[in-house]
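K.L.:
Using only what follows, build the 3D model:
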Amino acid sequence: MSRRRHPHRASHRPSRYTTAVGPAQRTPVRNLEQALAHVELVLTEPLSRETAALFVDADYLPLLCIVVEGAARPDDVLGIADLAAVVGEEQEATHVLLVTSRPGQGFEVEDVQRWFLLDHLIGSVGVELLEWFVCNEQLQVAVSPLAGEPSRWPDVSPP
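P.N.:
This is a model prediction of the structure:
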């Protein structure tokens, strides 16, 4: 499948990018619990406004985890599609899990519509959005079930 970058308006770009190399242990990430274990290693404690993107290959092996810091507005998550295009092409990533932390705020009803837009934008560059979590200090919300989407993980049972 051909991959192409999706242009975004500057208003959707976070203020700073920080890249974290993927986990040294290259075991498949085949369900949600395994993916969250990897992502939780790179999220800032205490929570700050950021989105972590865990990219995996066709065999669900972790390739790279990128943390986008400084997203001031909820729509800033849409800039991830640009990263998905680059990582998809350079690292041969085929899937991505997103985790957005919004301290003091968390999930918004509008995130369901953002899910569909993220899914479309990321899918248009040849990368499948596996799941998107929005969290605050008390709660992690998986957005895809609220959007009526079935699980996209190959193994839906815990390890």
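K.L.:
Can you tell me which residue is spatially central in the protein?
P.N.:
Computing the C-alpha centroid of the chain and ranking residues by C-alpha atoms, centre = their mean puts Leu98 first, at 1.6 Å.
K.L.:
wouldn't Asp119 be in contact with Leu129 here?
P.N.:
Yes. Proximity of Asp119 to Leu129 meets the contact threshold set by C-beta atoms under 8 Å, at 4.9 Å. Where C-beta positions appear, they are placed from N, C-alpha and C, glycine not excepted.
K.L.:
Please give the number of neighbouring residues around Val99.
P.N.:
Neighbour count for Val99, taken as other C-beta atoms under 10 Å: 24.
K.L.:
Report the secondary structure state of it.
P.N.:
strand (DSSP: H, G, I helix; E, B strand; the rest coil).
K.L.:
Specify the beta-bridge partners of the residue nearest to the centre of the chain.
P.N.:
For Leu98, the beta-bridge partners are Ala53, Trp132 (DSSP bridges).
K.L.:
tell me the contacts of it?
P.N.:
For Leu98, the contact set (C-beta atoms under 8 Å, 6 or more residues apart in numbering) comprises Thr51, Ala52, Ala53, Val77, Ile80, Leu118, Leu129, Glu131, Trp132, Phe133.
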